[in-house]
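In: structure, please.
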Amino acid sequence: MCGIIGYIGHQQARPILLEGLKRLEYRGYDSAGLTLQNEHGLQTRKSPGRISALESKISGERDTLLRGSVGLAHTRWATHGAPSENNATSTWT
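Out: Have a look, this model is predicted:
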């Protein structure tokens, strides 16, 4: 089971996607990830564990890399493969 959210618009996608993931967390809490499209290309970040673990991981990153108004994000409930960063399926890569 999983939850998927996408955003295309004029606002920054990152906070919208993270809020959407929090609302979908009941659909999977083994891992989460997000991908944003910006002038640097596709920027994907993923993390095993709850969404708070993903938020902690990206909170210290340069804001310019994780900016963009187009993105996808997901939660994962591991039905196959252990919860790990490697198994936290990326969205566009």
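In: tell me the mean pLDDT over stretch 64-75?
Out: The predicted model assigns stretch 64-75 a mean pLDDT of 89.
In: buried residues, that stretch. List them.
Out: Residues 66, 68-69, 71-75 are the ones in stretch 64-75 that count as buried (16 or more other C-beta atoms under 10 Å). Backbone N, C-alpha and C define where each C-beta goes, glycine included.
In: and those residues, which two are furthest apart?
Out: Among the buried residues of stretch 64-75, the pair separated by the greatest distance (C-beta to C-beta) is Ser69 and Thr75, at 21.8 Å.
In: which residues pair with the closest residue to Lys46 other than its chain neighbours across the strands?
Out: For Lys46, ignoring the flanking residues on the chain, the nearest one in space by C-beta to C-beta, 6 or more residues apart in numbering is Gly33 at 3.2 Å. Note on Gly33: beta-bridge partners Lys46, His74, judged by DSSP bridges.
In: what segments of the protein are strands?
Out: In chain order, the chain shows strands spanning 2-8, 31-38, 41-48, 70-76, with DSSP state E as the criterion.
In: what's the last one packed up against?
Out: If I follow you right, that is strand 70-76. Contact here means 3 or more C-beta pairs under 8 Å, 6 or more residues apart in numbering; DSSP states H and E; on that basis strand 70-76 packs against strand 2-8, helix 13-24, strand 31-38.
In: now the residue lying closest to Arg67 once chain neighbours are set aside: how far from Ala53?
Out: Counting by C-beta to C-beta, 6+ apart, Arg67 lies nearest to Asn38, which is 5.5 Å off, once chain neighbours are set aside. Between Asn38 and Ala53 the computed distance is 23 Å (C-beta to C-beta, to the nearest Å).
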